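Chemist: Could you look at this predicted model? Sequence included:
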Amino acid sequence: MGLQPYLILAACLFAIGLFGVLTRRNAIGILLGIELMLNAVNINLVAFARYAADPAGLIFTLFTISITVAEVALGLAIVILIFRVRLTVEADHLDLLKG
Amino acid sequence: MTLEAAGFWGLAPVLLASSLAVVLSKNLFHSVLYLALALVATAGVFLLLQAEFLAAVQVLLYAGGVITIVVFAIVVTERLVGERLAQTNRGVINGGLISLAVLIWIVVFIAGAQLPRTAPPPPGDLTQAIGRDLLTRFVLPFELLAVLFLAGLLGALFFARKEE
């Protein structure tokens, strides 16, 4: 079992997550797509750590997992706040900054 | 066929199918449940790569923590608006083309790279190695992570305060 299948699996996951981020209308759906992309990166990091026999990749994964959890918690808090003010989570309707 | 290969080819279709369901499902709640399945399958991939500690962290933090938060957010926003959050995709063709282009680009790059075909033997207890390196080689990022969490906690308190 080589390294290549893991990297290609992670690339497919990343592309699926990117598709979700680009096409979802709902802000929570966009956050879920970002989750998938970060997950793909984690698979890459763990696979490289295994095949390079260096625990640094595992520690990077630990960091990305922790940071992602913080990011999702605050991102969803912002989504809920926007929802309270604008009564929508459609990303297309959130164009306050549009000139 | 080794056990690792069998596990990989068993997990990869589950992972890809549940990820596709996350981005294509009409019902946001179903999307989150498929995301939980994808995250647990990722924990399985971590187990195949002999990172047992990270598999446990993945299940605890992601499948436990993140899914709970997202479900909570969906419930709150649905209660506020009083209707089901049906969600649709827009620009499917453009988004699909861009994603496909990125995928092909990465796969071509991987296909041209020199990659190891066999894994080296696992260097002893990885959990112990993670703990040791975290508090020696990576102690500064570790402490910075604590600062980040403090900032996140303050931000969450700020968001949750009562309007004056």
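Modeler: On my side now, so go ahead. Numbers count the residues shown, from 1 in each chain, chains lettered A, B, ... in the order given.
Chemist: Point out where chain B drops to low pLDDT.
Modeler: Low-confidence segments of chain B (pLDDT under 70): B:1, B:79-87, B:163-164.
Chemist: Can you show me the helices along it?
Modeler: Ranges of helices in chain B, per DSSP state H, are B:3-24, B:28-48, B:52-57, B:67-81, B:92-112, B:126-134, B:139-160.
Chemist: what's the most buried one of those?
Modeler: Highest mean neighbour count of the helices of chain B: helix B:28-48, a mean of 21 (counted as mean count of other CB atoms under 10 Å in any protein chain shown). (C-beta placed from N, C-alpha, C; glycine too.)
Chemist: which one is A:L81 nearest to, not counting chain neighbours?
Modeler: Nearest non-adjacent residue to A:L81, counting by CB to CB, 6 or more residues apart in numbering or on different chains: B:F159, 5.7 Å away.
Chemist: before we move on, the earlier item: show me the one of the helices of chain B that comes nearest A:A27.
Modeler: helix B:67-81 (9.4 Å; CB to CB).
Chemist: From the contact counts, what lies against the closest one?
Modeler: Packed against helix B:67-81, as judged by 3 or more CB pairs under 8 Å, 6 or more residues apart in numbering or on different chains; DSSP states H and E, are the following elements: helix A:27-52, helix A:56-86, helix B:28-48.
Chemist: so the residue nearest to A:L81 touches A:F83, yeah?
Modeler: No. Counting by CB atoms under 8 Å, B:F159 does not reach A:F83; the two are 12.0 Å apart.
Chemist: Can you tell me the closest non-neighbouring residue to A:L22?
Modeler: Nearest to A:L22 is B:G95, by CB to CB, 6+ apart, at 3.6 Å.
Chemist: Now for the one you found: which residues touch it?
Modeler: A:18-19, A:22-23, B:89 (CB atoms under 8 Å, 6 or more residues apart in numbering or on different chains).
Chemist: again, only this time at 6 Å
Modeler: Residues in contact with B:G95 (CB atoms under 6 Å, 6 or more residues apart in numbering or on different chains) are A:19, A:22-23.
Chemist: ok, now B:I69?
Modeler: By CB under 6 Å, 6+ apart, the contact list for B:I69 reads A:73, A:76.
Chemist: now do A:F60
Modeler: For A:F60, the contacting residues are A:L45, by CB under 6 Å, 6+ apart.
Chemist: Next: B:F72.
Modeler: Listed by CB under 6 Å, 6+ apart, B:F72 has no contact partners.
Chemist: try A:L13
Modeler: Counted by CB under 6 Å, 6+ apart, A:L13 has contacts A:36, A:40, B:19.
Chemist: so it sits in a helix?
Modeler: Yes. Assessed by DSSP: H, G, I helix; E, B strand; the rest coil, A:L13 belongs to a helix.
Chemist: mind checking how far the residue nearest to A:L22 is from B:T127?
Modeler: 40 Å (CB to CB, to the nearest Å).
Chemist: Which one of the helices and strands packed on helix B:67-81 lies nearest to B:A6?
Modeler: helix B:28-48 (9.7 Å).
Chemist: Show me what the closest one is packed against.
Modeler: In this structure, helix B:28-48 packs against helix A:27-52, helix B:3-24, helix B:52-57, helix B:67-81, with contacts taken as 3 or more CB pairs under 6 Å, 6 or more residues apart in numbering or on different chains; DSSP states H and E.
Chemist: and these as a markdown table, adding distance to A:G2?
Modeler: Output for the helices and strands packed on helix B:28-48, formatted as a markdown table (distance: least, CB to CB, whole Å):
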| stretch | distance to A:G2 |
| --- | --- |
| helix A:27-52 | 8 |
| helix B:3-24 | 10 |
| helix B:52-57 | 21 |
| helix B:67-81 | 32 |
